[in-house]
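>>> kindly return the folded structure for what I paste below:
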Amino acid sequence: MKKLIISSLAMAVIVSCSSSNDNPEDNNNGSNNNTPYLVKKLTEVAPDGQSYVVEYKYDGTKITEALDVTDNEKTLYTYDGDNIVKTELFRNGVMKIMREFTYSNGRLASEKVTNKEQAGTLVYTENYQYLSDNHVKYNDYHSATYNPATATFSDIKYTQKDVYINNAGNLASMSYSYNGISRNVTFAYDGNNNPMKNVKGLIKIDMFSLGDGGGDGEVGYNNLIYLNGAYSGIVNDTNQTTGVHTLNNADYPTKSVMKETSSVTGTVVRTYLYEYNK
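A predicted model of the protein is given here:
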């Protein structure tokens, strides 16, 4: 429930690893004038039929605020140049999650997360290693042990993820193993424009942050049309996601229907409705 909206707000979309794609949001904004398409309002219809609404504010093409109207959550964005260096999630006026980013050669180098969701404060850092223009490894946060008596966290654990990026800057494949379980995922995209494509720096910080442990493929410069995943080891499961997108005359989705099917948990459908600045 609230899958994309929670990811967009709480975890703040893409590491572009090819020098020709370091800023794909600058390209093909689908308009005959100088104003690119920007999402003003996103409505997610969850599998249970509940709707969640997020409204966005910008300074030019830089996002300044995302307001989850349904749950009274607000995320503020801080830039250094064209890169987002900090996001802060507030719930009922109280800061709950802060993400801080560093960059190297225009690419995401690290993300430090300060999470105050519980009584204590959890702090961890994920680091990105570029083995080539299209090959990235990073340590994705997995779990930590919380001691309620002292309100402290210990034994922070990470999953080492191995990711390949295609030439358009989208996820191509991801693999990882943890506690006797291995997962391999492949992704396919259309050639049309992702709703968040023109937002400076947003895809860069969020591409790996979504979904089950990171990277569900729904955030990219284009639109996910197929995900094929498999778990093996002490747990065996296959899962697929298919995306059907209704486009406007500039090839941006106005509606995306994402159908997720698991051999263990069955099928769920999420629908996203997008309203733009024009």
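
>>> and the nearest residue to R91 once chain neighbours are set aside, how many neighbours?
Spatial nearest neighbour of R91, chain neighbours left out: E73 (5.1 Å); criterion: Cβ to Cβ, 6 or more residues apart in numbering. C-beta coordinates here come from the backbone N, C-alpha and C atoms, glycine included. Residues near E73, counting by other Cβ atoms under 10 Å, number 22.

>>> cool, and D206?
25.

>>> V163 sits in which helix or strand?
strand 152-165 (DSSP states H and E).

>>> and for stretch 150-166, what's in contact with it?
Identification of contacts with stretch 150-166 by Cβ atoms under 8 Å, 6 or more residues apart in numbering yields 15-18, 118-124, 126, 134-147, 171-178, 189, 208, 213-215.

>>> ditto for stretch 84-102
9-12, 63, 71-79, 83, 108-117, 200-202, 204-205.

>>> mind running it again at 7 Å?
Here stretch 84-102 makes contact (Cβ atoms under 7 Å, 6 or more residues apart in numbering) with 9-12, 72-79, 108-117, 201-202, 205.

>>> can you tell me which of those residues are in strands?
73-79, 108-115 (DSSP state E).

>>> PyMOL command for the buried members of those residues?
To isolate the buried members of these in PyMOL, using 16 or more other Cβ atoms under 10 Å:
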select buried, resi 73+74+75+76+77+108+111+113+115
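
>>> against V269, how distant is the most centrally placed residue in the chain?
Closest to where the C-alpha atoms of the chain average out (Cα atoms, centre = their mean) is D206, at 3.6 Å. Separation of D206 from V269 (Cβ to Cβ, to the nearest Å) stands at 22 Å.

>>> can you pull the pLDDT of the residue nearest to R91?
pLDDT for E73: 95.

>>> heads up, I number from 50, so please use that
Taking 50 as the first residue, the last one we looked at is E122.

>>> can you report phi and psi for V143?
Taking degrees, to the nearest 10, you get phi -110, psi 130 for the backbone angles of V143.

>>> beta partners for it?
With DSSP bridges applied, V143 shows beta-bridge pairing to R140.

>>> same thing with the one 10 residues further on?
Beta-bridge partners for S153, by DSSP bridges, are R156.

>>> burial of it, as a residue count?
By other Cβ under 10 Å, the residues close to S153 number 10.

>>> quick one: low-confidence parts of the protein?
50-82, 259-264 (pLDDT under 70).

>>> ok, 50 please
Within the chain, the segments meeting pLDDT under 50 span 50, 54-71, 75-81, 260-263.

>>> what residue of it is the furthest out?
Farthest-from-centroid check, the chain (Cα atoms, centre = their mean): A198, 33.7 Å.

>>> quick one: secondary structure of that one?
Following DSSP: H, G, I helix; E, B strand; the rest coil, we place A198 in the coil state.

>>> now do the end-to-end distance for stretch 107-126.
Across stretch 107-126, the terminal residues are separated by 10 Å (Cα to Cα, to the nearest Å).
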